[in-house]
Each structure stands twice: as C-alpha cells, then as structure tokens.
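**Student:** Provided below are the primary sequence and the corresponding predicted coordinates.
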Amino acid sequence: MRLFLPAAVWVLGSTVLLAQSSSLGLKKPRVCVAIVNNASSVSAYVERLTERLAKNIKSSQVEALAMDSSTTKERTLRPTRQNTDEADDKQCDYTLLTQIVETRAHPAAPQTSPRDGATVPSLDAADPLSGSSGPVYREELGIAFALFRTSRHDPVFNAVILETASANVSDTFLAGMDRIANRVSHDVIKK
C-alpha cells in the first residue's frame with residue numbers, strides 16, 4: 001500500500017503538469033483591432049470595416065477583438081495611449097492600426113505605376129446613373145496598416161495596399177480589409 005501511494009501521486013502530478021504545459025503552449029495569439037481611421041475624402045463606414053477586419057483575422061489559431069479606441073489621425077501609424085491601455089486591458093498580444101489615406105496627401109505611400117495613355121474611366125455597374133452620367137473616374141486610395149506587439153512602438157510590419165473606391169460606399173474597402181486580415185493572420189501565426 002505504501003509503495004502504491006507514492007506511485008499514484010507521481011502519476012497524478014505528472015499528468016497535471018503535462019496538461020498545464022500543453023494548455024500554456026496552445027494559447028492563441030490575440031490581436032486587438034483599433035477602429036479604422038478614414039483620413040481620405042471618400043466616405044467609408046469605419047465601424048463596418050473594423051468589424052470585417054476583426055472577423056476575418058479570427059481563425060482556429062488567432063483570436064481577434066475589435067477595440068473601442070481609434071487608429072491615430074497622424075500620418076505615421078503609432079499606437080495612441082488609448083490603444084495601448086485598451087490592448088493591455090484586453091490582454092492582447094498585438095495591436096493592429098489601419099488608416100485609409102489618399103495617396104496624394106501622403107507622398108511617402110507608394111504611388112501607382114504610370115499607365116500608357118489616358119486614365120481609363122470606370123463603368124461601374126454600381127454607378128447610380130448606370131453610366132448615363134458619363135464615365136466615373138475613381139482614384140486609387142491607400143490603406144495603411146501596421147501591426148504592433150502590445151506595449152511596443154516599433155511595428156512588426158508596416159505596409160500600404162492600394163484600393164479603388166467603389167460607387168457603392170457600403171462595399172468600399174471591404175476587399176482591402178480581407179487582404180489585410182489575411183496578411184495579419186499569416187504573420188501572427190508565423191511568429
């Protein structure tokens with residue numbers, strides 16, 4: 001009986017330690033997504049874009065939470081005090097900042113490559129006048145985004161993607177949010 005008790009305690013203790021170590025190793029990285037900032041003249045539903053971004057980052061390996069604090073209005077993306085405090089409160093590992101910018105207004109953003117000839121008009125089916133008003137010209141806008149480790153001010157990555165505004169404001173930038181979500185999920189899982 002005396003020999004059985006220490007062996008049972010050792011088996012039970014090693015099982016508990018194994019379960020704890022495996023649960024610690026399986027913790028999903030958590031990304032806090034700040035409200036998208038629209039620094040352009042194009043209308044955009046930033047709450048919808050933020051929700052889309054957080055929803056598409058979530059996966060079996062990454063957890064994402066929409067924040068109440070907004071991305072900075074400054075050209076250089078850096079977490080604000082509110083972003084940092086909220087990310088700490090929500091116990092996030094990363095903070096994602098996203099800003100819609102006009103490439104003219106931000107010379108540091110990559111410009112589109114010049115095309116031969118005149119700019120081709122968009123004959124967008126979503127045009128409210130169905131093209132009868134003439135061609136619809138839409139400029140490319142940039143969506144700047146940066147991922148930061150919580151409580152750090154140097155970005156894990158900082159990038160700009162180009163997106164064209166749609167005549168349908170509710171759909172503008174949704175594809176861009178999907179591309180950003182894919183990039184963030186991929187990079188967070190890789191780390």
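**Tutor:** Yes, it's here.

**Student:** can you tell me how far residue 186 sits from residue 59?
**Tutor:** Look at residue 186 and residue 59: by CB to CB, to the nearest Å, they are 10 Å apart. The way it works is simple: take the backbone N, C-alpha and C, and place the C-beta from them, glycine included.

**Student:** same check, this time on residue 71
**Tutor:** Using CB to CB, residue 71 is found at 22 Å from residue 59.

**Student:** who has more neighbours out of these two?
**Tutor:** residue 71 (29 against 14; other CB atoms under 10 Å).

**Student:** contact partners for the nearest residue to residue 32 once chain neighbours are set aside?
**Tutor:** In this structure, residue 32 finds its nearest non-sequential neighbour in residue 92, 3.8 Å apart by CB to CB, 6 or more residues apart in numbering. Taking CB atoms under 8 Å, 6 or more residues apart in numbering, we find residue 92 in contact with 30-32, 65, 150.

**Student:** from the residues you listed, which is closest to residue 163?
**Tutor:** residue 31 (21.0 Å; CB to CB).

**Student:** can you give the strand pairings for the host helix or strand of the closest one, parallel or anti for each?
**Tutor:** Using DSSP states H and E, residue 31 sits within strand 30-35. Strand pairing for strand 30-35, determined by DSSP bridges: strand 63-70 (parallel), strand 94-102 (parallel).

**Student:** for the next helix or strand after that strand, give me every contacting residue.
**Tutor:** Proceeding N to C from strand 30-35, the next assigned helix or strand is strand 37-39, under DSSP H and E. With contacts defined as CB under 8 Å, 6+ apart, strand 37-39 is touched by 44, 46, 70-73, 97-102, 105.

**Student:** part of a strand, is residue 185?
**Tutor:** No - secondary structure of residue 185 (DSSP: H, G, I helix; E, B strand; the rest coil): helix, not part of a strand.

**Student:** show me where pLDDT drops low in the protein?
**Tutor:** 1-26, 104-139, 165, 169-170 (pLDDT under 70).

**Student:** where exactly do the helices run in the chain?
**Tutor:** 4-25, 46-57, 81-89, 174-190 (DSSP state H).
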